[in-house]
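Sequence first, then the predicted structure:
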Amino acid sequence: MEITEEQIEGLINSLNDEDYDVRRYVENVLIKLDDQSIGPLINALNHQNPEIQIEAARILGKMGNKQALNPLIQALKDGNPDFRREVALAIDKIVDKNP
């Protein structure tokens, strides 16, 4: 399935939807898009909305792509403890998937 970067950005912006089911559906789509969504998800680690940052980190952890490792390590410097916790969990998942 080919999808434009603009469409992926729209999906990422939906990661803070008030409906839990919408957020999980968007998460599943982004995971299935894999290589197409990895770059935009890494960029979302710097999103202005902390909820989107947290969701992006969580999804990157589930994807397990080593490309996200260095950006996640850099994100550990963020001032939001909830975001840093999710980033640390994502790093742990990526390291576990790529021994």
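Perfect, thanks for sending it.

Flag the shaky bits of the protein, pLDDT-wise.
By pLDDT under 70, the low-scoring segments of the chain are 1, 99.

what do you get if the cut-off is 50, keeping everything else the same?
By pLDDT under 50, the chain contains no weakly predicted segment.

Show the residue spans covered by the helices in it.
Under the criterion DSSP state H, the chain contains helices at 5-13, 20-33, 35-44, 50-63, 69-75, 81-97.

ranking the ones you listed by burial, who's on top?
Neighbour counts averaged per stretch over these are highest for helix 50-63, at a mean of 22; criterion: mean count of other C-beta atoms under 10 Å. Yep, even glycine has a C-beta here, placed from its N, CA and C like the rest.

hmm, who's touching that helix?
For helix 50-63, the surrounding residues in contact (C-beta atoms under 8 Å, 6 or more residues apart in numbering) are 12-13, 15-16, 23, 27, 30-31, 34, 38, 41-42, 44-47, 68, 72, 75, 78, 80, 82-83, 86-87, 89-94.

before we move on, what about stretch 3-12?
By C-beta under 8 Å, 6+ apart, stretch 3-12 touches Val26, Val29, Leu30, Leu33, Gln36, Ser37, Pro40, Leu41, Ala44, His47, Ile52, Ala56.
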